[in-house]
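>>> Here is a sequence with its predicted model. Questions after.
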Amino acid sequence: MDKYTALINDGKFSTLTLNVSRYPKSLVYWEKLLNHIINTSTPICKSIEPQLLELIRYTYSSMLNEFPYLENYYIDFALLEYKLGNVSRSHKIFQHGLQAFNQRSLLLWISYLKFCNNVVLNQKQLFKKYEMAEEFIGLHFFSGEFWDLYLEQIQLRCVSSKRYWSVLRKILEIPLHSFAKFYALWLYQVDDITDLKQLSQLTSEDELSKKLKINIKYSGRKGPYLQEAKKKLKKITKEMYMVVQYQVLEIYSIFESNIYSNYYTSSETLVSSDEIEAWIKYLDYTINFQTDSLTHLNFQRALLPLAHYDIIWIKYCQWLITAKNDLVGAKNVLLTGLKFSLKKTKIINLLYSVLCKLNDYELLRTLFEKIESSYSENIENVDDFEIFWDYLQFRIFYQNSVSPSRYSDSQLSGLLNKELFDKVWKRLSLKEKKTGQEILLNSLIQFYSKDTIEFVEKNVFRKILASNWEYYLQNGIFWSCYCRLIYFDTSRSYLEKRQYIVKTIWPQIDKKLAQNVLPSLTEFCQSYFPEELDTLEEIFTEKA
Amino acid sequence: MTDETNFTIEVIEPRADALRGLDSLFLQDNAALVQTYRNMDWSDISSLTQMVDVIEQTVVKYGDPNDSIKLALETILWQILRKYPLLFGFWKRFTTIEYQLFGLKKSIEVLATSVKWFPTSLELWCDYLNVLCVNNPNEKDFIRNNFHIAKDLIGEQFLSHPFWDKFIEFEVRQENWENVQTIYEYIIEIPLHQYARFFTSYKKLLNERNFKPKRDIDTVLRRTQTIVNEIWQFESKIKQPFFNLGQVLQDDLKNWSQYLNFVTNPSKSLDKKFIMSIFDRCLIPCVYNEKVWLMYINLLTREDSYEITVGIYQKASKVLPLDFKTLRYDFIKYLKKNYRLNNVLFSKIFNETVSHFLNIWPNDISLMTEYICMWKRHSFKNSLDQPPREILEKQTSFAKILETSITNYLTKQTDPRVHLQTLINDKNLSIVVVELIKTTWLVLKNNMQTRKYFNFYQKNSLIKDSVPFWLTYYKFEKSNVNFTRLNKFIKELGVEIYLPTTIMNDILTDYKTFYLMHSNIVAYETSTLDSNDFDPILYPEMKISNPQYEPVAGVKPNAEWYKRTEWKEAGHVGIMIERPQISNSIIECNSRNLVQKPITLPNFRNLEKINQVKINDLYTEEFLKERK
């Protein structure tokens, strides 16, 4: 029996696969399954059974599909392919992984570049990769290792020292955790200069003569002059060192030292609020530095440990909108966030708004449908009122636009739309079982045209009265909403409104409920007609 | 009380500096007096005591000083007692001083004043009555009258036996035996510390005079005895029955609270007068304790008579420290609630109370809201049964008076005869304006005029930042579904209109909802076409908790960025740091481009400040300390 057949007929294997399919969001089960398959298949070499290899590949990619932020599994997977000689597959896996992070994963880049050092022979191509990595992760606080690799390759592969000088010079300015090391390199390099002319590698002749008073074409005795020039160079290096040191210490002491996990953990792992707080402050700090690539990078860094918290996604989106006016970027961030974040309400709400701003109503409709179907077409039953509420608002907005001509007053079509109003009514009819009923009522009375007021009165307030739902009848807010609905009706005169409220609405209140209802009604009276306070008190004290 | 002192505390008070106008030679000779007076710490009892000591020494030193010195010394004492009328020891010393300075008559007058200002003081009443009996033995009716006043005020106090002894002695001296018996009949029901003694002497009196008791006094004795035994557990624990500056002892407070709970327990059915006397006594040391006052009022409101309740409310609102609001607001609520019992009286008290509260809390705008509500309810009474014309006339005249009052206030020509005008101040003016606008808009239904008012008053600096004003404006434009104006308003929030952030957040959230429910895609797209930086859906969302929010068109990273506060405070809000920086940084330049041409040398900003920047590194400091 070959290994593959043995494996799939194994009881343990079926338990593990069953667990995975039952709890696909549980990382532990995936890890157990993968380890089991790999252990069974060792030694993995070119002669591995093709079916077994397919199984391993399939498991890796399914797992990475579920957990796109598992940096080290991309690496494991890519190196496995490399071991088997499938270089182009390895490339693809690395690139696929980098894509998941918008190219901003330090760990993946370092592994990928180490891999490339071995397999990419073309110097130009290799440096292109380094330049790309530099663009995305070069400013990472811990990118010292990347820069080491870069410098090493330059020394290995370049004849001229020009590139080395330039890259090193750039590194000096980046606030890196291991910044001091590069200063040492730089100072050695300066020491090694033996000819005045070499100084032109560092900067332009003009700069040298203007700022440091060094003349490369100095014609006198060059030895002491060079020593003098080096001293000047060291002085300016020291100044640079002081500035960068200050920055590094600030970043480290306020933020980096308070951040403990720099890797992805599954949603089952909770991150302490202190650490989340530290990240938020760090991001604010980064934003203030206005170095966009660093801001992007730090957001992506924060999303590694905090992918399941909505707050970072929202912050990222807000930054993109506020500072970069990048609405498409914001949309993408929100869409990704929607997949990762455990709390989705705020992300959805923001996404609705961004989609409107982008005029992407197609996607907006798809989103509505998605949400409806995820609550099996009964979104009014959702426990989180916000979800229902945001959905309803945007649906009404959307509905207002779809069929504007069907009613005489185009503004009403949204709410009067039967399907939407049904949802509202169903939600209201859930009474105390759901939250937000008062907010809903409060918005329903904010329509100021005659038709809608009549509609709302007939289909909401009178209907609730007729249904005799105690939840509302004993709630002062219900009654004061009813009064306000009438009071803000512009088509009625003052006396008509007052008459209606005092003579028609109030008498319908059950006097036994005076205790509950009176405070809100008194408040209403105090703001709009204190003259009727006596009447109100009389109505309720007669029997009490 | 007939004999009024010829100078009352009220008259003395305005003399802020008691030493003004004194002979400079005298002031030089009495440096101690001057210094003690000038350095007097009003919250420290020892400082006040020292002041009185010095006055006594001065009196001894001069014997019979001239009138202006006398007046000065007197004034200081009045000032102290006006502020702390419950310091009974000071009243006693004052009496002695007055006696030395002016003689007997004036010292008696001081005692008369003392019981007026501190009517629940057993000691002062005893002193006063004693002095009256000794010095004016012939004015029997006057003295008897005072005994009766005192009886109602302090007669129920647990330790009031000296008073009763005196009263009995007084009547015995007159041989007014009937009165003596009446007194005894009264005493035996009171749970006094020395109740037994009074029983014995009453029995003796009955025997000697052959009187018939009016009821079975042994039953009364048993009842009184039971009560005394019950309250003894509390009475015995009272450590400080007198008023003092500073905190009341915790144990005492606890004991009082238990005592009061005990006596107010309805199942005990104790005599109401007795319960009230315990409150009165408790409110001597605990005069600044709002809870006790509230308990007292709670007890009183259980009964029907509102006069006493209102009296206690008024007294408490006067003596409680100014930052106690619960009881005072409670009073307003009480007045509103009971308005219908006696609307003229309650509206009058209500007005006085609001005036008083506005004096102590001029910044509290809710008082104006309460006032206007009551004012309209009381003075512009109208009912739906009246003909519509009359109702509308009332409303119009209401609006007229509001407008006149506002105009008068703004032109600084307030009319003291109109009560409303005396109440308006810079803070609450906006409330009156809002009321005017609300009436014009919702009652008189004059939209044109309403908008005129909004435009006119929003320019006024007193109203520009008013929350009710802008909320009303927002409601008004919402009811007109006027998106142009609403959008403008939302845009100006936080930039030109400054409201508290929480309020702005509420408005922004509400506006988004309102817009979505009332607008549509076509209108939305047209509105965003006009202005690229504002849209009614996303903009309010982004502005929440970020009132200064400007869409991207406004801010772009510029060379001056390092001068902004955000940059200087980055990482440590509230601490501005001139951070060292490389001003021509190349970190955003890719090495691909760097290789192309020579790199410029770094330029620095704030390099010289690098050593000035010191962040207080508490963490390390404390860590090191612990290690040691």
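Thanks, I have it.
>>> What is the least confident helix or strand in chain B?
Ranking every helix and strand in chain B by mean pLDDT, DSSP states H and E puts helix B:9-12 at the bottom, with a mean of 52.
>>> Now the helix or strand that that helix is followed by: buried residues?
Next helix or strand after helix B:9-12 toward the C-terminus (DSSP states H and E): helix B:24-29. Within helix B:24-29, the residues that qualify as buried are residue B:26, counting by 16 or more other C-beta atoms under 10 Å in any protein chain shown. In short, each C-beta sits where N, CA and C put it, glycine included.
>>> Ok, stretch B:142-151 next?
Buried-residue list, stretch B:142-151, by 16+ other C-beta under 10 Å: B:143-144, B:146-147, B:149-151.
>>> Mind checking which of those residues land in strands?
Judged by DSSP state E, the buried residues of stretch B:142-151 include no members of strands.
>>> quick check, nearest of those to residue B:358?
Taking C-beta to C-beta as the measure, residue B:358 sits nearest to residue B:149 out of these, at 34.5 Å.
>>> gap between that closest one and chain A?
To chain A, residue B:149 is 39 Å away according to C-beta to the nearest C-beta, to the nearest Å.
>>> can you check residue B:228 too?
Taking C-beta to the nearest C-beta, one finds residue B:228 at 41 Å from chain A.
>>> who touches the most centrally placed residue in chain A in this structure?
Geometric centre of chain A, nearest residue: residue A:313, 1.6 Å, by C-alpha atoms, centre = their mean. When contacts are counted by C-beta atoms under 8 Å, 6 or more residues apart in numbering or on different chains, residue A:313 touches A:303, A:333-334, A:336-337, A:340-341, A:347.
>>> Please name the nearest non-neighbouring residue to it.
Distance criterion C-beta to C-beta, 6 or more residues apart in numbering or on different chains; nearest residue to residue A:313, sequence neighbours excluded, is residue A:337 at 3.1 Å.
>>> The one you found falls within a strand, correct?
No: counting by DSSP: H, G, I helix; E, B strand; the rest coil, residue A:337 is located in no strand; its state is helix.
>>> For burial, what's the neighbour tally of it?
25 (other C-beta atoms under 10 Å in any protein chain shown).
>>> Mind pulling up the pLDDT for it?
What the model reports for residue A:337 is a pLDDT of 95.
>>> quick one: it and residue A:317 touch, right?
Yes: the pair residue A:337 / residue A:317 is scored as a contact, 7.4 Å apart, by C-beta atoms under 8 Å.
>>> tell me the mean pLDDT over stretch B:548-567?
Average pLDDT, stretch B:548-567: 68.
>>> Could I get the phi/psi values of the residue most central in space within chain B?
Centroid-nearest residue in chain B, with C-alpha atoms, centre = their mean: residue B:322, separated by 3.0 Å. Dihedral pair for residue B:322: phi -60, psi -20, per degrees, to the nearest 10.
>>> residue contacts, it?
Residue B:322 touches B:360-361, counting by C-beta under 8 Å, 6+ apart.
>>> now it: how far from residue B:81?
20 Å (C-beta to C-beta, to the nearest Å).
>>> Tell me the confidence at the closest residue to residue A:155 other than its chain neighbours?
Distances taken as C-beta to C-beta, 6+ apart put residue A:164 closest to residue A:155, at 6.4 Å, once the chain neighbours are dropped. Predicted confidence (pLDDT) at residue A:164: the value is 93.
>>> quick one: contacts of the longest helix seen in chain B?
Assignment by DSSP state H gives helix B:388-410 as the longest helix of chain B. Identification of contacts with helix B:388-410 by C-beta under 8 Å, 6+ apart yields A:494-495, B:376, B:380-384, B:414-415, B:418, B:420-421, B:424, B:429, B:432-433, B:435-436, B:439-440, B:443-444, B:460.
>>> what's the answer for stretch B:543-551, then?
A:322, A:325, B:490, B:493-495, B:501, B:504-505, B:508-509, B:532-534, B:539, B:542.
>>> now those residues: which count as buried?
For these, buried by 16+ other C-beta under 10 Å: A:322, B:490, B:493-494, B:504-505, B:508, B:534, B:539, B:542.
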